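Peer 1: Fold the following for me, if possible:
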Amino acid sequence: MKFDRSYKIVPLATWPRAALFRSFRSFDDAVMTCSFEPDILPLYRRAKACGDSFFLMTLFAIAKAMNSVPEMRMRFLNDEAVAEYEVVHPSTPLLTADGENYRQTTLPYFPTFAEFALAAKPIVEAVRRGSADGALRDEDLPNIFCASCVPWFSASGYVPATFVRSQDVHVLTWFKMTAAGTVLVNSTFNHCFTDGLHVGRFFSAVAENFARPETL
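Peer 2: The predicted structure follows:
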């Protein structure tokens with residue numbers, strides 16, 4: 001499967017955040033973790049009413065929010081070069097048929113839920129059947145973010161595992177919907193690219209997508 005890998009170089013000479021980028025680049029670990037608890041009940045009701053997957057609709061709502069903030073699409077090319085990708089694709093653990101194991105799988109991002117679901121559903125089913133092949137994964141794809149669903153329990157806090165210190169791949173987890181219709185969304189961000197302002201924009205976009213799923 002082909003994934004969009006296109007990007008543009010962020011010119012450090014004119015980038016307003018260049019000084020902050022270099023400052024945080026010197027940190028031993030520039031990863032920060034933030035959480036918020038938006039209302040997800042409208043999205044849940046929409047998914048059930050339309051016969052859509054609550055999981056895939058939630059994942060897309062998050063992916064759409066991630067792609068709406070340019071800083072969330074930035075990654076290291078090397079120590080002194082930054083890429084802003086056209087899109088970032090969600091990499092998510094999908095349960096296999098035994099319900100005990102999972103396969104980390106990258107799903108291609110599309111700008112609408114209809115397009116995304118059309119591409120994602122066959123992949124999800126293939127993983128469940130155990131018939132998915134290597135084409136559904138791209139270990140070298142740089143423009144991804146990791147998004148995991150933990151549907152077995154609600155949570156009020158979480159500290160995710162990290163691949164490497166100061167990793168530039170955002171790692172996001174959402175948990176079981178509470179009785180009040182809210183859900184904990186936890187994510188890591190690299191401070192080289194993002195500050196509280198950008199995280200706030202992302203979280204606001206997630207909340208908007210959850211509140212107005214008919215626009216996805």
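
Peer 1: My understanding was that Lys176 contacts Val183; is that so?
Peer 2: Yes. Assessed by Cβ atoms under 8 Å, Lys176 is found in contact with Val183 at 7.4 Å. C-betas here are computed from N, CA, C, even on glycine.

Peer 1: mind checking how far Arg22 is from Lys121?
Peer 2: Between Arg22 and Lys121 the distance is 43 Å, computed by Cβ to Cβ, to the nearest Å.

Peer 1: cool, and Arg128?
Peer 2: From Arg128 over to Lys121 (counting by Cβ to Cβ), the distance is 11 Å.

Peer 1: Just give me how far the helix or strand hosting Arg22 sits from the chain centre.
Peer 2: For Arg22, the element it lies in under DSSP states H and E is helix 18-25. Centroid separation between helix 18-25 and its chain, computed with Cα atoms, centre = their mean, to the nearest Å, is 24 Å.

Peer 1: Give the next helix or strand downstream of it.
Peer 2: Following helix 18-25 in sequence, per DSSP H and E, is strand 31-36.

Peer 1: what about Ser6, how many neighbours?
Peer 2: 9 (other Cβ atoms under 10 Å).

Peer 1: For it, report the pLDDT, please.
Peer 2: Looking at Ser6, its pLDDT reads 96.

Peer 1: now Glu139
Peer 2: Per-residue pLDDT puts Glu139 at 56.
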